[in-house]
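J.: Next come a sequence and a model predicted from it.
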Amino acid sequence: MEGQIDMPGPLQGLKVIELSHIMAGPVCGMMLADMGADVIKVEKIGSGDDSRKMIPPVIAGQSAAFMMMNRNKRGIALDLKHEDGRSVLAEMLSTADIVIENYRHDTMEKLGLGYARLKEKNPGLIYVEISGYGRTGPYAERAGFDLIAQGVSGLMSITGPDGGGPPVKVGAPVTDITAGIIAAMGALGAYIHRLKTGEGQRVDTSLFEAGITHTFWQSAICLATGISPVALGSAHPLNAPYQAFETRDGWINIGAANQKNWKILLGIIAAEHLDEDPRFADNASRMQHKDELVEVLTPLLKSRRTDEWLEVMDKAGLPAGPILSIGEMLTHAQTIARGMVVETEHSIAGAAKSLGHPVRYHETPAEISRPAPVLGQHTDEVLAEYGYNAGMITALRDKGVI
């Protein structure tokens, strides 16, 4: 059977039960699945993960958003409001290595499946909780949403155009995605501890903490000075010039932050005289006169096309790059070379593309070979692995449990 074949990767043999929806939890599960863990996604009867309804776009009626986040997983559908559904899940959790959940703070306890109870039967269980604000503190009971977390974590105060304007969120749901990645890191840290001691543990992280993690530079400034940094457009809060500049036909990112690269830039744009200008003598001076620096450099950089500048800058070893659309990024030679676009064969949607795994394991490579499951696709298969015979599975189906 499909489920009996171990997935390749460094986590081959680990059993993960994913009780999560939308993004943060599914990202965590996806990362572990890509690394070879057998991730069984448990969805609610009827509608399943809410991301199944995040349409358009659809491919043959299947949510593209759901398929992106849930490849490499097996899927079952259970009614956890039914006693038999909870019993099935409890049996699965009794032998699981890792469980991922992003429910409200007391949902698992109300189901009789909180960590304390699960630990009695499975002391090695790694219990990963992803919430809006963490399981402690005055916001512990609040629901988590990326937009809200971006605001509370300070990210929206440092995102947007230089000079101010209305609040702007980061285009990608960075707190959701980062929370999932951090949770996967936490699960692996706990797994290493279990290898040493045999003991499992709770792992607790949140969208709020994920957002804060992205503020290292700005928090360093605020903790040192007491002043909260503001949005700077594409500019860096500590280095200059390090931002996007307009060219004759578009924009280019230039990273001439240190003194060596600053001098290389001046040579490229034939502006060596600026090296003698006290306003731009070193990084501290350039930061102090950043607006003037941009004003001086912009007309020089607008004299040539982006591709012309890139050719010269690449040859000179100056960090620079184009600003690509998502479509351009997905078809870029480097994206393809790194395997960051992959394709699987979905049972309904056919050939379906998704993003690749972002880490290369040279001895135990990750592989993306399983498409996202249709709702309940692997229910019978998984239950059979836990000892349910055909009659028992039919009885559960007749009750509406599966």
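T.: The structure has been received and is ready for your questions.
J.: which stretches of the stretch 101-250 of the chain aren't confidently modelled?
T.: By pLDDT under 70, the stretch 101-250 of the chain contains no weakly predicted segment.
J.: Now residue 396: which helix or strand?
T.: Assigned by DSSP states H and E, residue 396 belongs to helix 390-398.
J.: So what's the gap between that helix and the chain middle?
T.: Mean-position distance between helix 390-398 and its chain equals 38 Å (CA atoms, centre = their mean, to the nearest Å).
J.: who's in contact with residue 56?
T.: Listed by CB atoms under 8 Å, 6 or more residues apart in numbering, the contact partners of residue 56 are residue 64. (Glycine included, C-beta is placed from N, CA and C.)
J.: hmm, 6 Å instead?
T.: With contact set as CB atoms under 6 Å, 6 or more residues apart in numbering, residue 56 has no partners.
J.: ditto for residue 370
T.: Applying CB under 6 Å, 6+ apart to residue 370 gives the contacts residue 72.
J.: Would you map the strands across the stretch 1-150 of the chain?
T.: 15-19, 38-44, 58-59, 62-63, 73-78, 98-101, 126-131 (DSSP state E, counting those that start in this stretch).
J.: Could you tell me the angle between the direction of the last one and that of strand 15-19?
T.: What it means is strand 126-131. Angle, strand 126-131 to strand 15-19, by axes from the mean of the first three to the mean of the last three CA atoms, to 10 degrees: 20 degrees.
J.: Ok, the longest one next?
T.: With the same axes, to 10 degrees as the basis, strand 38-44 and strand 15-19 are set at 20 degrees to each other.
J.: Which strands border strand 38-44, and is each parallel or antiparallel?
T.: For strand 38-44, the paired strands and their directions (DSSP bridges) are strand 15-19 (parallel), strand 73-78 (parallel).
J.: What of the fourth one?
T.: Strand 62-63 has the following sheet partners, assigned by DSSP bridges: strand 58-59 (antiparallel).
J.: Now the partner strand: average pLDDT?
T.: Average pLDDT, strand 58-59: 94.
J.: which ones are touching residue 323?
T.: Residues near residue 323 by CB under 6 Å, 6+ apart: residue 251.
J.: rerun at 8 Å
T.: Contacts of residue 323 (CB under 8 Å, 6+ apart): 244, 250, 251, 252, 253.
J.: Please identify which pair of the residues you listed lies farthest apart.
T.: Pairwise distances across these peak at 11.1 Å for 250 and 253 (criterion: CB to CB).
J.: and for those two, which residues touch both?
T.: Residues touching both residue 250 and residue 253 (CB under 8 Å, 6+ apart) are 322, 323.
J.: Neighbour count: those two, which is higher?
T.: Remark: of residue 250 and residue 253, residue 253 carries more neighbours, 16 against 12, as counted by other CB atoms under 10 Å.
J.: Just to check, that one is in contact with residue 313?
T.: No: Residue 253 is beyond contact range of residue 313, at 10.3 Å (criterion: CB atoms under 8 Å).
J.: residues in contact with the helix holding residue 396?
T.: Contacts for helix 390-398 (CB under 8 Å, 6+ apart): 84, 88, 379, 380, 383, 384, 388, 402.
J.: and the two most separated of those residues?
T.: Largest separation among those by CB to CB: 84 and 384, giving 16.4 Å.
J.: my read: residue 338 touches residue 356, true?
T.: Yes: the pair residue 338 / residue 356 is scored as a contact, 7.2 Å apart, by CB under 8 Å.
J.: who has more neighbours, the two?
T.: residue 356 (18 against 12).
J.: from memory the more buried one sits against residue 344, does it?
T.: No: between residue 356 and residue 344 there is no contact under CB under 8 Å: 11.2 Å.
J.: burial count for residue 78?
T.: Other residues near residue 78 come to 24 when the count uses other CB under 10 Å.
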